[in-house]
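1. no sequence on hand, only this structure:
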């Protein structure tokens, strides 16, 4: 039987599904609550112990030091393993800059929601849909903070979703994606990559989002915004949305491209141009 | 909506769990679409579910694509990789005098000799010294493999260890009056000139 470490390496090389990989890693774990398991919790990388595996282990453990250690690793308070990296980013976008609370408050309350529910009925879904579970916990924590209809948000607070907040957020560097891949991808791969990107983004069903995605990888990207919100030479002016919507679409495009590149086996591509973007 | 997940194929889904998380009809639709997207993606059977569901429900397409990005970030950790790399670079720049190259980091963490560390990591001592001195030529996969092996010996910070491969040149550059000459050494050459066995050389060059 593969050790969890070996299992992680094999999974990276093969086309095994993440669900199957989680199953194999779980089956190769040392006995839960054993010293070997506790040691593994300290030393394994994230690929060797995916969130779904930890959730399943936690839900099978009786209250114990091993259960606490499993949960502690999963909620990743110091951000070492990245199980909640997307939550932290989402909280930063969600939190009102002038509100009574911070992104850390939202992350902290979301972790509290996870700790409170992971072992119960609500936590069952986390084994197979960890991202959905985390997002739902964040929504619950957010409502708890601001009220169901935002009544505790404060009249002076503004979130990234609101047009009036479209002023002081730092500009995104997403527009430079094409320049990044020019610098990082081997020249012999560029033509293949450009065709691949076009085919990948062609699947996006929303016309405006598709146009923004293609602009993201254009050699002459359009500025996201300018002082004139109706400037037709900017993405915000062209599509009539705030730049935060543009950023959201760009983030989705980047995720789609990352996922498509990871799934293909036609051509070996250095994907660091995506991990360095934004 | 397109085909919803067959509940018989979704052992982790339960009505109890669902009802605990959703309330309104719209929230229920979003929840079900997101669930289908993530479980299809996790099982590898339909990576394009987000496009299909966004096409079937254009009124929530924005939320579904946003969730897809959140999901990929959560499972793949693109932003986490970015933060680790940025953190490594910042740490290397800010603490260039105090930072240690990979081997120095391991010696501090373990208190072991170079030979003992190399043996524990299943490489030769000369290879370990050479790669630590020329860390910048190491490709990402080789760095990650070395850090993985090092973490098997002793608990060390992943970001700090990954960043340690960039430390040597920074320190050398800081101590010189002129720019440090650019080395043409490649990772493959570094592997080939080591005393690793042919099998080990094949493994390491395969990471290049």
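-> Looks like it came in fine. Note that the coordinates shown come from a computational prediction; the quantities given were computed from them, not determined experimentally.

2. burial count for the residue in the stretch 51-200 of chain A that chain B sits nearest to?
-> Nearest residue of the stretch 51-200 of chain A to chain B, counting by Cβ to the nearest Cβ: residue A:82, 3.0 Å away. Where you see a C-beta, it was placed from the backbone N, CA and C, and this is true even at glycine. Around residue A:82 sit 23 other residues, with neighbours defined as other Cβ atoms under 10 Å in any protein chain shown.

3. how near is it to residue A:45?
-> Separation of residue A:82 from residue A:45 (Cβ to Cβ, to the nearest Å): 10 Å.

4. quick one, phi/psi of the residue of the stretch 51-200 of chain A closest to chain B?
-> phi 80, psi 10 (degrees, to the nearest 10).

5. show me where the chain has its helices.
-> Went with chain A since none was named. For chain A, the helices defined by DSSP state H occupy A:4-13, A:18-27, A:35-43, A:51-60, A:65-75, A:85-94, A:103-117, A:130-146, A:177-184, A:187-201, A:207-216, A:235-239, A:243-263, A:272-275.

6. nope, chain B please
-> B:15-21, B:25-43, B:49-56, B:61-76, B:78-94, B:102-110, B:114-120, B:125-133, B:140-153, B:158-163, B:167-174, B:187-192, B:198-205.

7. I'd like those helices as a markdown table, with distance to residue A:113 and mean pLDDT appended.
-> Shown next, in a markdown table, are these (distance: least, Cβ to Cβ, whole Å; pLDDT from 0 to 100):
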| stretch | distance to residue A:113 | mean pLDDT |
| --- | --- | --- |
| helix B:15-21 | 11 | 50 |
| helix B:25-43 | 16 | 92 |
| helix B:49-56 | 25 | 95 |
| helix B:61-76 | 16 | 92 |
| helix B:78-94 | 21 | 50 |
| helix B:102-110 | 36 | 81 |
| helix B:114-120 | 41 | 82 |
| helix B:125-133 | 44 | 84 |
| helix B:140-153 | 30 | 85 |
| helix B:158-163 | 27 | 78 |
| helix B:167-174 | 40 | 43 |
| helix B:187-192 | 45 | 89 |
| helix B:198-205 | 44 | 90 |
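
8. wait, which of these is closest to residue A:230?
-> helix B:61-76 (21.5 Å; Cβ to Cβ).

9. thinking again about what came up before, least reliable of the helices of chain A by average pLDDT, please.
-> Comparing mean pLDDT across those, the lowest value falls on helix A:4-13: a mean of 36.

10. correct me if wrong: residue A:60 contacts residue A:32.
-> Yes. The criterion here is Cβ atoms under 8 Å, and residue A:60 meets it with residue A:32 at 6.4 Å.

11. distance of the closest residue to residue A:263 other than its chain neighbours from residue A:219?
-> In this structure, residue A:263 finds its nearest non-sequential neighbour in residue B:47, 5.9 Å apart by Cβ to Cβ, 6 or more residues apart in numbering or on different chains. Note on residue B:47: its distance to residue A:219, by Cβ to Cβ, is 28 Å.

12. distance between stretch B:111-127 and the chain's centre?
-> 24 Å (Cα atoms, centre = their mean, to the nearest Å).

13. do stretch B:148-160 and chain A meet at all?
-> Yes. Counting by Cβ under 8 Å from any Cβ of the partner chain, contacts between stretch B:148-160 and chain A involve B:148, B:151-152, B:155, B:157-159.

14. ChimeraX command to pick out the buried ones of the residues you listed?
-> Here is the ChimeraX selection string for the buried members of the residues of stretch B:148-160 next to chain A, based on 16 or more other Cβ atoms under 10 Å in any protein chain shown:
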select /B:148,151,152,157,158,159
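
15. re the thing from before, surely the residue of the stretch 51-200 of chain A closest to chain B and residue A:49 touch.
-> No. Using Cβ under 8 Å as the test, residue A:82 is too far from residue A:49 to be in contact (11.7 Å).

16. what touches both of these two?
-> With contacts defined as Cβ atoms under 8 Å, 6 or more residues apart in numbering or on different chains, no residue is shared by residue A:82 and residue A:49.

17. picking that back up, columns distance to residue B:207 and mean neighbour count on top of the helices of chain A, output as TSV?
-> Converted to TSV, the helices of chain A look like this (distance: least, Cβ to Cβ, whole Å; neighbours: other Cβ atoms under 10 Å in any protein chain shown):
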stretch	distance to residue B:207	mean neighbour count
helix A:4-13	11	17
helix A:18-27	20	19
helix A:35-43	21	15
helix A:51-60	25	23
helix A:65-75	27	18
helix A:85-94	25	21
helix A:103-117	35	19
helix A:130-146	29	22
helix A:177-184	17	17
helix A:187-201	18	14
helix A:207-216	30	20
helix A:235-239	39	20
helix A:243-263	17	22
helix A:272-275	15	21
